[in-house]
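Student: one predicted model, sequence on top.
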Amino acid sequence: MVVSCCAFGCTEKAVKGGPVTFHCFPKDEERRKIWEIKIRRENFKATKSSRLCSKHFSPDSFDREKFGGTWLKKTAVPTVFNFHKHVVERKITRKPLVRKTPEPEPVIEQGKSKNYNLI
């Protein structure tokens, strides 16, 4: 199975011994939801096989060991993305324009009064 990054617009694929590492989504529901929002894929729901590459994490998101091991911190959140401008801009929903026309004033005719004899 080919492992690839699920971030919007990312084309990274796993290469054995390559410099890019791939990370599973957190099991914690709240943190997983944050990751899902950050990758900006509409209606995306992470699965067991969903992975995010190391290019989307800042250097301080990793713990480095003396012997060359690198681990993603449990509190890490993906923050590094190269989205196109149209992806970054928020969609603004506009309400339809409703024109309010003033109520017409009643027309009063002048000079045409009739006299009625009321008994």
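Tutor: Done, it's in.
Student: residues in contact with C5?
Tutor: C5 sits next to 11-13, 22, 51-53, 55-56 when contact means C-beta atoms under 8 Å, 6 or more residues apart in numbering. No exception for glycine: its C-beta is placed from N, CA and C like everyone else's.
Student: from those residues, which land in strands?
Tutor: Residues from the contacts of C5 lying in strands, with DSSP state E as the criterion: 22, 51-53.
Student: now the buried members of these.
Tutor: 22, 51-53 (16 or more other C-beta atoms under 10 Å).
Student: would you reformat these as CSV and include distance to V77 and pLDDT?
Tutor: Below are those laid out as CSV (distance: C-beta to C-beta, whole Å; pLDDT from 0 to 100):
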residue, distance to V77, pLDDT
F22, 16, 90
R51, 16, 91
L52, 10, 90
C53, 14, 88
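Student: thinking again about what came up before, adding distance to S61, write the ones in strands among the contacts of C5 out as TSV.
Tutor: Formatted as TSV, the ones in strands among the contacts of C5 follow (distance: C-beta to C-beta, whole Å):
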residue	distance to S61
F22	14
R51	15
L52	11
C53	12
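Student: and which of the buried ones among the ones in strands among the contacts of C5 is nearest P78?
Tutor: L52 (5.8 Å; C-beta to C-beta).
Student: who is that closest one paired with across the strands?
Tutor: Beta-bridge pairing for L52 (DSSP bridges): H23.
Student: doesn't V77 make contact with it?
Tutor: No - taking contacts as C-beta atoms under 8 Å, L52 lies outside contact range of V77: 10.5 Å.
Student: between those two, what contacts are shared?
Tutor: W35.
Student: would you indicate which residues of the longest helix along the chain are buried?
Tutor: Ordering each helix of the chain by length in residues (DSSP state H) puts helix 29-38 first. For helix 29-38, burial by neighbour count (16+ other C-beta under 10 Å) applies to 32, 35-36, 38.
Student: how about stretch 71-84?
Tutor: Going by 16+ other C-beta under 10 Å, stretch 71-84 has these buried residues: 72, 76, 78, 81.
Student: out of those residues, who's nearest R64?
Tutor: For the buried residues of stretch 71-84, the nearest to R64 is L72 (11.0 Å; C-beta to C-beta).
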